[in-house]
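*Asks:* Got a predicted model here, sequence first, then my questions.
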Amino acid sequence: MSDVLKDSTIAVKGGKDVRSRFWATHMRVAEESEGEFLERHNSDMDIVLFFSGLFSAVNTSFIISMGTDLVADPSDTTNALLTQLVQIGLGNLSAPGTTPAVPASTWSPSSIDIWTQAIAYASLSVSLLAAFGAVMGKQWLGYYKASRYGHGSPEDRGRRRQMKMDGLNVWHFEAVVHLFPVLLQFSLLLFGISISADLWYQQRSTAWVVVATVVFGVLFHSFTILASLSSTACPYQTPSSAVLRLCGVDSMSSLYASMATLSSLTFNI
């Protein structure tokens, strides 16, 4: 690498020794490479923040609309009381004692409504967690950009920059940053499951449209992950495939081996 840098036309050769030219060229090449690195990840974090904000608003509206399923309808109590008043007015004094005065006291939400709401709240929580992670990611990137060089001679600044870059690799910075879009995708999946389950028990003909859309989205995303794992030249690279590669699943055979291991562990348990 030193020979390439020494022969590079980027370096200013006049009046400098080989060592100075090396570190000057190193700084210029590093600046170009890290500029692309910072721009890419900052752009990813901006996308996560923007989409999570819109998605959280939609999810919250959906949760509010479903919230009526977890509480008793006040009109039921009103109708029951009016019925008793009518019966009393007609002289049927024994009728009021045959039914509860307040139907809400014996009402409870169905298990389907509870699970649907739980999944919707889980979706909202995961999307907010992704947004929180994106904010932290932008802070990490800003700190790295501000402190990567420091002060001193070109050699000292170059060594400090290399130390910072090695720290990114040791602490798996890219894997952590790639998790935030994955969390957002998982949140979207939970939202699809929740709205599909809610519609399924209300209007199945409408629910089929949502279920088909969710299934198509899951299959399409799974296809892009499998395609990206089959070849690094595949253009359908996603944060999920990047995380899988960093976890050691860098090919289809590795994915099948991991799935087989997980299945055997589950069967043994």
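*Replies:* Thanks, I have it. Numbering: from 1, shown residues only.
*Asks:* where are the low-confidence patches of the stretch 101-250 of the chain?
*Replies:* For the stretch 101-250 of the chain, residues meeting the criterion pLDDT under 70 lie at 101-107, 149-150, 152, 248-250.
*Asks:* Let me see the backbone angles for Pro235.
*Replies:* In terms of degrees, to the nearest 10, the main-chain angles of Pro235 are phi -80, psi -10.
*Asks:* residues near it, how many?
*Replies:* By the measure other Cβ atoms under 10 Å, the count of residues near Pro235 is 8. C-betas here are computed from N, CA, C, even on glycine.
*Asks:* What is the single longest helix found in the chain packed up against?
*Replies:* Criterion DSSP state H: the longest helix present in the chain is helix 18-66. Helices and strands touching helix 18-66, by 3 or more Cβ pairs under 8 Å, 6 or more residues apart in numbering; DSSP states H and E, are helix 2-7, helix 111-147, helix 154-170, helix 173-200.
*Asks:* Just give me how far that helix sits from the chain centre.
*Replies:* 15 Å (Cα atoms, centre = their mean, to the nearest Å).
*Asks:* So what angle separates the directions of it and helix 111-147?
*Replies:* 160 degrees (axes from the mean of the first three to the mean of the last three Cα atoms, to 10 degrees).
*Asks:* For Ser43, find the nearest of the helices and strands packed on helix 18-66.
*Replies:* Smallest distance to Ser43 across the helices and strands packed on helix 18-66 (Cβ to Cβ): 10.6 Å, for helix 111-147.
*Asks:* starting at the chain centroid, how far to that closest one?
*Replies:* Counting by Cα atoms, centre = their mean, helix 111-147 is centred 7 Å from the centre of its parent chain.
*Asks:* picking that back up, turn the helices and strands packed on helix 18-66 into a markdown table, including distance to Val243 and mean neighbour count.
*Replies:* Output for the helices and strands packed on helix 18-66, formatted as a markdown table (distance: least, Cβ to Cβ, whole Å; neighbours: other Cβ atoms under 10 Å):
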| stretch | distance to Val243 | mean neighbour count |
| --- | --- | --- |
| helix 2-7 | 32 | 12 |
| helix 111-147 | 13 | 17 |
| helix 154-170 | 16 | 15 |
| helix 173-200 | 5 | 20 |
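*Asks:* Could you export the ones you listed to a markdown table, including columns for distance to Phe55?
*Replies:* Below are the helices and strands packed on helix 18-66 laid out as a markdown table (distance: least, Cβ to Cβ, whole Å):
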| stretch | distance to Phe55 |
| --- | --- |
| helix 2-7 | 46 |
| helix 111-147 | 5 |
| helix 154-170 | 29 |
| helix 173-200 | 7 |
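*Asks:* Cys234: which of those helices is closest?
*Replies:* helix 173-200 (16.7 Å).
*Asks:* and the next element down the chain from that closest one?
*Replies:* Using DSSP states H and E, the helix or strand that directly follows helix 173-200 along the chain is helix 204-230.
*Asks:* That next one: which residues count as buried?
*Replies:* Within helix 204-230, the residues that qualify as buried are 207, 210-211, 214, 221, 224-225, 227-229, counting by 16 or more other Cβ atoms under 10 Å.
*Asks:* Which helix or strand lies directly C-terminal to it?
*Replies:* helix 239-246.
*Asks:* other SSEs contacting that next one?
*Replies:* Checking 3+ Cβ pairs under 8 Å, 6+ apart, helix 239-246 ends up next to helix 173-200, helix 204-230.
*Asks:* residues contacting the closest residue to Gly53 other than its chain neighbours?
*Replies:* Of all residues not flanking Gly53 in the chain, Ala131 sits nearest, at 6.8 Å (Cβ to Cβ, 6 or more residues apart in numbering). For Ala131, the contact set (Cβ atoms under 8 Å, 6 or more residues apart in numbering) comprises 48-49, 52-53, 56.
*Asks:* Now do Ala131 against Leu188, distance only.
*Replies:* 13 Å (Cβ to Cβ, to the nearest Å).
*Asks:* just to revisit the earlier point, of the contacts of Ala131 - the most surrounded one?
*Replies:* Neighbour max across the contacts of Ala131 (other Cβ under 10 Å) = Ser52, 26 neighbours.
*Asks:* Surely that one and Val126 touch.
*Replies:* No - at 9.4 Å, Ser52 does not count as touching Val126 under the criterion of Cβ atoms under 8 Å.
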